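Trainee: Build me a model:
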Amino acid sequence: MRRVATGVIIWMTAFAVVLGLGSLPGAEAAAPAATLTTASAAARVPDTTETTTSDRTATRTERAPVVYNPSPGLRFNEPYNRGGRRVSSIRAHILRSIDSTRRGDLVQMAAWNVRGRSWSQAIIRAHRRGVAVQIIMDKSNWSREHPNPEAADIARAVRGVEDRKYQSFLRLCAGSCRGARGIPHSKFYLFSRVQQRKFVTMFGSNNATDVAANDQWNDLYTWVNNEKIYRTFQTVFRQMVLDKNQYSKAFIRAPFSPTQSVDFYPYRGAVPNAVPDPDMARLNKIRCKGSTARGTNGRTQIRVMQTAIHGDRGIRLAQKVVQLKRAGCNIRIVYALMGNNVHALLKANGVPKLQLAYDRDRNGVYDIYIHMKSLAIRGVYEGVTNANVTYNGSANWSAVPLASDEVVGEFRSWAITNAYVKWTDFLFTHRPARWGPVNLAPISTSSVEGRFVPVDPYSLMKENGL
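Mentor: As a prediction, this is how the structure comes out:
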């Protein structure tokens, strides 16, 4: 489904002009697409391609590889037109990388959804050049109830076994690929080679859809020439292909350096005596007073960007945020969906929050919204008074992520944390004038946002891939 249902109380606000990220190297998009520099491909996987009887004919255009060497670092996507052209830095980055692969290369993609002609055409072109393109997505996004012509095009194009080292395929997971329930919600893209770059790994909040570029605020982080990180993600991808419950081995914590690590969910039952909630564990490490970090004036800064905060888990995390607010932390939250109880709790305790979601056609479904899932902390963390820590990736603040395939990155970096803090602050203080006045009270009419629509939160999460 391409738009977010207003199934829980949702309140408006958001974004309008371009944020500059100072001297961060490699900025590539109008709204900060900062690129922050960081420092044998895969085993044969049997082909079990899913197909449909779609009437569409996949494009047969074959294109010679373009010359694009993806640069490492952080990118943000801003969905509005600026200067007469669409800004979609992340989509361009991934698709140009696909178009720059050559015969014998391997591309592996795990996303909640794959949809959009730009994606299907790039994937099919690569396959026909002799590139192996292996894709995993959620089964609910391609079914009789939810036709997906582009997925059908891809499946037809990669059908059968060819005389090549690695086979292309499109696999569907019904629920979490590596867990007992949940959804396949990871978003990562692996390239054995892209022109002069090898072992390229990309992850974040961005699905392989045109909607991600045109209607969502997203983020993506890229590593290049790093075999350790590439192999780690590839191991998880191979497990996802099996579509088998990994039980207590599903949770993987992968430290790549003293400043970078990645967690792979499902989290529940991760290890004996594991903390019940990783996000709560992170919030519990924060102290609000005594910060010596640059620009904090002694108070720890907490910046949250979340598509969804609701349910019992959302309430517990909101309660902890309230405690931190009372303790003196400087907090801002930008969100799309928020449960009634969560909203009431944060409002009653004066926690600054702002909704970034808009229903353009007033039909009860949000068309443009924030799709990021990040927590940036600057100040006192784990006893360090000048800490800069950011968590990003695909996991929302609700119950479903802990049981789902998710990727959550940890970056202990001033540059990256500064980018997320400035980006959150920019979204918090800028709202598109075209959206009209903010409606601060929930009312049941199709003319404005903020409506009540009875819906089961789990179904809402699964349907919309939040």
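Trainee: center of this protein - which residue?
Mentor: The centroid of the chain falls nearest to residue 205 when counting by CA atoms, centre = their mean (0.9 Å).
Trainee: before we move on, which element is residue 333 in?
Mentor: strand 330-338 (DSSP states H and E).
Trainee: and that strand, which strands flank it?
Mentor: strand 301-309 (parallel), strand 353-355 (parallel) (DSSP bridges).
Trainee: Buried deepest among these, which one?
Mentor: Comparing the strands paired with strand 330-338 by mean neighbour count (mean count of other CB atoms under 10 Å), strand 301-309 ranks first with a mean of 26. Just so you know, the C-beta spots here come from the backbone N, C-alpha and C atoms, and that holds for glycine as well.
Trainee: How far does that one sit from its chain's centre?
Mentor: Here strand 301-309 is found 13 Å from its chain centre; the criterion is CA atoms, centre = their mean, to the nearest Å.
Trainee: so residue 100 touches residue 92, yeah?
Mentor: No - judged on CB atoms under 8 Å, residue 100 makes no contact with residue 92 at a distance of 11.9 Å.
Trainee: buried sites along the following helix or strand past the strand holding residue 333?
Mentor: Going down the chain from strand 330-338, the next helix or strand is helix 340-348, by DSSP H and E. Residues of helix 340-348 classed as buried by neighbour count (16 or more other CB atoms under 10 Å): 341, 342, 343, 345, 346.
Trainee: Can you tell me the element residue 264 falls in?
Mentor: Short version, using DSSP H and E: residue 264 is in strand 260-265.
Trainee: just residue 76 next, same as before
Mentor: Applying DSSP H and E, one finds residue 76 within strand 73-77.
Trainee: Which elements pack onto that strand?
Mentor: In terms of contacts (3 or more CB pairs under 8 Å, 6 or more residues apart in numbering; DSSP states H and E), strand 73-77 is packed against helix 89-99, strand 216-223, helix 414-429.
Trainee: Same list (the ones you listed) but as TSV, adding mean pLDDT and mean neighbour count.
Mentor: Converted to TSV, the helices and strands packed on strand 73-77 look like this (pLDDT from 0 to 100; neighbours: other CB atoms under 10 Å):
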stretch	mean pLDDT	mean neighbour count
helix 89-99	95	23
strand 216-223	96	25
helix 414-429	95	22
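Trainee: Dump these to JSON lines, plus distance to residue 388.
Mentor: What follows is those, written out as JSON lines (distance: least, CB to CB, whole Å):
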{"stretch": "helix 89-99", "distance to residue 388": "23"}
{"stretch": "strand 216-223", "distance to residue 388": "16"}
{"stretch": "helix 414-429", "distance to residue 388": "4"}
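Trainee: Which one, of the ones you listed, ends up nearest to residue 324?
Mentor: helix 414-429 (15.6 Å; CB to CB).
Trainee: Name the nearest residue to residue 189, sequence neighbours excluded.
Mentor: Nearest residue to residue 189, sequence neighbours excluded (CB to CB, 6 or more residues apart in numbering): residue 202, at 4.3 Å.
Trainee: Going along the chain, name the helices of the stretch 151-300 of the chain.
Mentor: 210-214, 227-242, 278-284 (DSSP state H, counting those that start in this stretch).
Trainee: what sits against residue 386?
Mentor: The contact partners of residue 386, by CB atoms under 8 Å, 6 or more residues apart in numbering, come to 291, 292, 293, 294, 379.
Trainee: change it to 6 Å
Mentor: 292, 293 (CB atoms under 6 Å, 6 or more residues apart in numbering).
Trainee: what kind of secondary structure is it in?
Mentor: Counting by DSSP: H, G, I helix; E, B strand; the rest coil, the backbone at residue 386 sits in strand.
Trainee: which residue sits closest to residue 383, ignoring its sequence neighbours?
Mentor: In space, residue 383 is closest to residue 287, 7.9 Å off (CB to CB, 6+ apart).
Trainee: neighbours around that neighbour, how many?
Mentor: 20 (other CB atoms under 10 Å).
Trainee: who does it bridge with?
Mentor: residue 380.
Trainee: Am I right that it is in contact with residue 380?
Mentor: Yes - taking contacts as CB atoms under 6 Å, residue 287 lies within contact range of residue 380: 4.0 Å.
Trainee: still on that earlier bit, contacting residues for the residue nearest to the centre of the chain?
Mentor: So residue 205 contacts 218, 219, 371, 372, 373, 394 (CB under 6 Å, 6+ apart).
Trainee: so who does the first one touch?
Mentor: Residue 218 is in contact with 77, 90, 205, 206, 212, 371, counting by CB under 6 Å, 6+ apart.
Trainee: Is it correct that the last one is in contact with residue 216?
Mentor: It refers to residue 371. Yes - counting by CB under 6 Å, residue 371 does reach residue 216; the two are 3.9 Å apart.
Trainee: What separation do you get for residue 132 and residue 187?
Mentor: 20 Å (CB to CB, to the nearest Å).
Trainee: before we move on, what about residue 265?
Mentor: 13 Å.
Trainee: so what's in contact with the two at the same time?
Mentor: Joint contacts of residue 265 and residue 187 (CB under 6 Å, 6+ apart) do not exist.
Trainee: picking up where we left off before, just list whatever residues bridge to the residue nearest to residue 189.
Mentor: Going by DSSP bridges, residue 202 forms beta bridges with residue 189, residue 222.
Trainee: And for residue 370?
Mentor: residue 217.
Trainee: Check the contacts of residue 218 and tell me the two furthest apart.
Mentor: 90 and 371, at 10.8 Å, using CB to CB across those.
Trainee: Residue 381 contacts residue 389, doesn't it?
Mentor: Yes - applying CB under 6 Å, one finds residue 381 in contact with residue 389, separated by 5.4 Å.
Trainee: Could you list the low-pLDDT ranges of this protein?
Mentor: 1-64, 81-88, 269-275, 437-466 (pLDDT under 70).
Trainee: Domain-wise, how is it divided?
Mentor: Per the record, the chain has its domains at 24-246, 264-464, by automatic domain parsing.
Trainee: gap between the last one and the chain center?
Mentor: Same thing as domain 264-464. Worked out by CA atoms, centre = their mean, domain 264-464 lies 13 Å from the chain centre.
Trainee: burial count for the nearest residue to residue 256 once chain neighbours are set aside?
Mentor: Leaving aside its chain neighbours, residue 256 sits nearest to residue 229 (5.4 Å; criterion: CB to CB, 6+ apart). By other CB under 10 Å, the residues close to residue 229 number 22.
Trainee: Residue 229: what's it in contact with?
Mentor: 201, 223, 256.
Trainee: Could you single out the nearest of those to residue 319?
Mentor: residue 256 (32.7 Å).
Trainee: shouldn't the residue nearest to residue 189 be in contact with residue 222?
Mentor: Yes - because the distance of 4.7 Å satisfies CB under 6 Å, residue 202 is recorded as touching residue 222.
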